[in-house]
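Participant: everything below, folded, please.
(one chain, ligands or ions: 1)
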Amino acid sequence: MLKLENVSFAYAINNKIFDDINIEIDTQEIVAIAGRNGTGKTTLTRLIMGLLHPQAGRIKLDEMVISDKPPYIIAKNIGYVFQNPDHQLFASTVYEEAAYAPKQLGMTEEERDKYVKQALINTGLWDKKDFMPQTLSLGDKQRLSIASALAANPRILILDEPTSGQDCRERTVLLRLMRKLNNNGLGIILVTHDMDILAEHAHKVVVIADKQIAYAGTPRELFSDEKKTIELGLELPETVRISKEMEIELSLTPQELYEKITAGRKKNA
Ligand SMILES: Nc1ncnc2c1ncn2[C@@H]1O[C@H](COP(=O)(O)OP(=O)(O)OP(=O)(O)O)[C@@H](O)[C@H]1O
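Facilitator: Numbers count the residues shown, from 1 in each chain. Presented below is the predicted three-dimensional model:
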């Protein structure tokens, strides 16, 4: 469990971003962080990574307090993938890029080679290991950022708007990768504005509003309350909107929607 206990944070005096928040995040799941623009989603992830420090309260990973630890200690447990991969890529080859964090974390050469290879294979980039990172497509760059984080062998991966600017195919590849990594035991914290992705992929959702955790629970429970969803500054996912229009049970994924529609048709035949 990742726990935030009574956490308050402000960038400047009298301008709190978080006022005494408490949350528990299951580190086995895909947990989405949502909320209006500027509510503090990225700030929350930076607090978790130790790049910012709360003025009050503490953050714990299981029994270890991490909010008083330097970022390199936290990076052994939690990987962070920035919104814009160009901010993260600076080595001369794909392999060197992925090997950067393991080197910084002091892994042995043997360990490093093992995790870098595994990370590049998992993200589909092993064949491009000698390429220059800057020559890759946006989708490949994003997956290289993920590979670089995975090579440190973390328990949790934070993805900040990972699909922004990507075309439909790249988006599908990335979401499939995220699911595969989670199925293999990696916890995912996903910052997203995309309610379709959230509905289809997140096990839980945390919504930030008015300096507080305004909602923490399942996407199904959230989207079944349309009024609350709108009040929190979110939109209904397309599948939920169609379920409501068709007056059928709420569906969170296209597959679920298809099954409910066909089941209804069979019943009426
Ligand atoms: N380094 C900083 N110094 C001062 N204020 C900041 C800093 N970074 C962010 N802020 C402010 O803190 C608030 C929360 O920002 P944050 O980026 O965490 O929100 P967000 O929910 O991730 O936004 P978005 O949805 O637009 O990505 C915003 O009002 C932002 O302007």
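
Participant: centroid-nearest residue for this structure?
Facilitator: Leu190 (1.8 Å; Cα atoms, centre = their mean).

Participant: give the contact list for that one.
Facilitator: Ile30, Val31, Ala32, Ile33, Leu159, Pro162, Met178, Ile197, Leu198, His201, Ala202 (Cβ atoms under 8 Å, 6 or more residues apart in numbering). To be clear about C-beta, it is placed using only N, CA and C from the backbone, and glycine gets the same treatment.

Participant: how about a cut-off of 7 Å?
Facilitator: Ile30, Ala32, Leu159, Ala202 (Cβ atoms under 7 Å, 6 or more residues apart in numbering).

Participant: cool, and Asn6?
Facilitator: Taking Cβ under 7 Å, 6+ apart, one finds Asp20, Asn22, Ala56, Gly57 in contact with Asn6.

Participant: go on, Pro54?
Facilitator: Counting by Cβ under 7 Å, 6+ apart, Pro54 has contacts Val7, Ser8, Phe9, Leu47, Ser67.

Participant: who does the second one bridge with?
Facilitator: What it means is Ser8. Ala56 (DSSP bridges).

Participant: isn't it right up against Arg58?
Facilitator: No: applying Cβ atoms under 7 Å, one finds Ser8 not in contact with Arg58, separated by 10.9 Å.

Participant: ok so, going back, of the contacts of Asn6, just the buried ones, PyMOL syntax please.
Facilitator: Filtering those down to the buried ones (16 or more other Cβ atoms under 10 Å) takes a single PyMOL command:
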select buried, resi 57
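
Participant: on that earlier part again, of the contacts of Leu190, which one scores lowest on pLDDT?
Facilitator: Minimum pLDDT for the contacts of Leu190 is recorded at Leu159 (94).

Participant: now for that residue, how many residues are close by?
Facilitator: 27 (other Cβ atoms under 10 Å).

Participant: out of the contacts of Leu190, which comes closest to Ile213?
Facilitator: Distance to Ile213, by Cβ to Cβ, is smallest for Ala32 among these, at 13.0 Å.

Participant: are we agreed that the closest one is in a strand?
Facilitator: Yes: counting by DSSP: H, G, I helix; E, B strand; the rest coil, Ala32 is found in a strand.

Participant: contacts only, for it.
Facilitator: By Cβ under 7 Å, 6+ apart, the contact set of Ala32 is Leu190, Thr192, Leu198, Ala202, Val205.

Participant: just those: which are in helices?
Facilitator: Leu198 (DSSP state H).

Participant: how about the contacts of Ala32 in a markdown table, adding distance to the ligand?
Facilitator: Putting the contacts of Ala32 into a markdown table (distance: Cβ to the nearest ligand atom, whole Å) gives the following:
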| residue | distance to the ligand |
| --- | --- |
| Leu190 | 13 |
| Thr192 | 10 |
| Leu198 | 13 |
| Ala202 | 16 |
| Val205 | 14 |
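
Participant: tell me which of the contacts of Ala32 is nearest to Lys16?
Facilitator: For those, the nearest to Lys16 is Val205 (22.7 Å; Cβ to Cβ).

Participant: disregarding residues adjacent in the polypeptide, which is nearest to Gly185?
Facilitator: Gln28 (7.3 Å; Cβ to Cβ, 6 or more residues apart in numbering).

Participant: I meant Gly79, not that one.
Facilitator: Ala149 (3.0 Å).

Participant: just to revisit the earlier point, can you turn the buried part of the contacts of Pro54 into a ChimeraX selection?
Facilitator: Of the contacts of Pro54, the buried ones can be selected in ChimeraX as follows, counting by 16+ other Cβ under 10 Å:
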select :7,9,47,67
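
Participant: quick revisit: for the residue nearest to Gly185, pull up the helix or strand it's in.
Facilitator: Assigned by DSSP states H and E, Gln28 falls within no helix or strand.

Participant: please report the distance of it from the ligand.
Facilitator: 24 Å (Cβ to the nearest ligand atom, to the nearest Å).
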